[in-house]
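*Asks:* got a sequence here, can you build the structure:
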Amino acid sequence: MHHIKLTLAYDGTEFHGWQIQPGQGTIQGLLAAVLQQLTQESIVVHGAGRTDAGVHAWGQVANFSTQSVLTADHFARGLNALLPPAIRIRAAEEVGPDFHARWLAQAKTYVYRIYRGRVVPPFHWRYVLHDPYPLDFAAMAEASRAFTGEHDFTSFAASSGSEEIDQDRITLRTVFHSEMIACSHESSSPSAGPSGKLPPVDLPWPLPGPDEWVYVVRGKSFLRHMVRKIVGALLEAGRGRIQPSDIPRLLDLRDRTRSGPTVPPQGLCLLSVEYPDPTSSIS
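*Replies:* The predicted structure follows:
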């Protein structure tokens, strides 16, 4: 038995998310179908994160097991030849039998892009939320830092659709880093905020540039719609409808109806997933 780890990128615009859904085009479903075509086996594909419909990924990680004699490199080339161009395998490698893309993940980094200019360039509209209206960046930056640490994120999680599941799910999450970054109008170099730069990864094209604000969050794991609801709250802070000091209170309320809107999916991208050595290949 061979165990293969994939690092993949995808434009989520035309897909109904990561997870297999009957009758719907999903990333996981397409991967499984193409792998079956390559191996003549029924392949189960595990992903690091279940991105929602319309959400993109640059550093999604998946794994599967197979009895095929194909090498990891053969799988990468075969998948890229048969998958639609919106899904690309960036890397493939053979790993040990204990590797699991989801359960071994130590941290994930997401970015959410907000385009602040009057007109969105046609090369960016699939990947940004357009908000050209007045926003207080300093208030948003201060509010973003309030999400750092271990909190109960019930207020910033969508319902699963089942009251029973919602009652039993664990909503305590740890956020290692939470920051708003403003990209310079003079160049595409990000500025402002404590770190003043985007995470040091091989970023996808098109890069965030002038007239963009980018929210960067790194955490152990995330609840459904959690990042999109956080960004919605940050925009409310930018509009003056809530204060940065309200964030701890909203967390304590554990009431998702009080946390503000859930922003659209197209601005969100799973940037990277981190694993313990020696399996880590995502920077």
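*Asks:* alpha carbons only for contacts and neighbour counts from here, please
*Replies:* Will do.
*Asks:* excluding chain neighbours, give the residue nearest to Ala138 in space.
*Replies:* Gly238 (7.9 Å; C-alpha to C-alpha, 6 or more residues apart in numbering).
*Asks:* tally of neighbours for the nearest residue to Ala105 once chain neighbours are set aside?
*Replies:* Spatial nearest neighbour of Ala105, chain neighbours left out: Tyr275 (5.1 Å); criterion: C-alpha to C-alpha, 6+ apart. Tyr275 sits with 20 neighbouring residues when counted by other C-alpha atoms under 10 Å.
*Asks:* okay but Tyr275 is in contact with Leu104, surely?
*Replies:* Yes: at 6.3 Å, Tyr275 counts as touching Leu104 under the criterion of C-alpha atoms under 8 Å.
*Asks:* ok but Phe75 is inside a helix, no?
*Replies:* Yes: judged by DSSP: H, G, I helix; E, B strand; the rest coil, Phe75 forms part of a helix.
*Asks:* for it, give me its contacts.
*Replies:* By C-alpha atoms under 8 Å, 6 or more residues apart in numbering, the residues touching Phe75 are Ala92.
*Asks:* quick check, pLDDT for it.
*Replies:* You'll see Phe75 listed with a pLDDT of 97.
*Asks:* change the start of the numbering to 93 and stick with it
*Replies:* All set: I'll call the first residue 93, so the last point we hit is now Phe167.
*Asks:* if I look at it, how far off is Leu227?
*Replies:* For Phe167, the distance to Leu227 (C-alpha to C-alpha, to the nearest Å) stands at 47 Å.
*Asks:* check Arg194 too.
*Replies:* Taken as C-alpha to C-alpha, the span from Arg194 to Leu227 is 36 Å.
*Asks:* what of Gly115?
*Replies:* For Gly115, the distance to Leu227 equals 41 Å [C-alpha to C-alpha].
*Asks:* so which of those two has more stuff around it?
*Replies:* Neighbour tally, Gly115 and Leu227, criterion other C-alpha under 10 Å: the higher count belongs to Leu227, 17 against 7.
*Asks:* so who does the more buried one touch?
*Replies:* 327, 330-331.
*Asks:* show me those that map onto strands.
*Replies:* Judged by DSSP state E, strands contain none of the contacts of Leu227.
*Asks:* who wins for neighbours among these?
*Replies:* Using other C-alpha under 10 Å as the neighbour test, the contacts of Leu227 are led by Leu327, with 24 neighbours.
*Asks:* got the contact list for that one?
*Replies:* Neighbour list for Leu327: 227, 232 [criterion: C-alpha under 8 Å, 6+ apart].
*Asks:* helices - which of the contacts of Leu227 land there?
*Replies:* Counting by DSSP state H, the contacts of Leu227 place 327, 330 in helices.
*Asks:* would a markdown table of the contacts of Leu227 with pLDDT and distance to Trp305 be doable?
*Replies:* Shown next, in a markdown table, are these (pLDDT from 0 to 100; distance: C-alpha to C-alpha, whole Å):
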| residue | pLDDT | distance to Trp305 |
| --- | --- | --- |
| Leu327 | 97 | 11 |
| Gly330 | 97 | 12 |
| Arg331 | 97 | 15 |
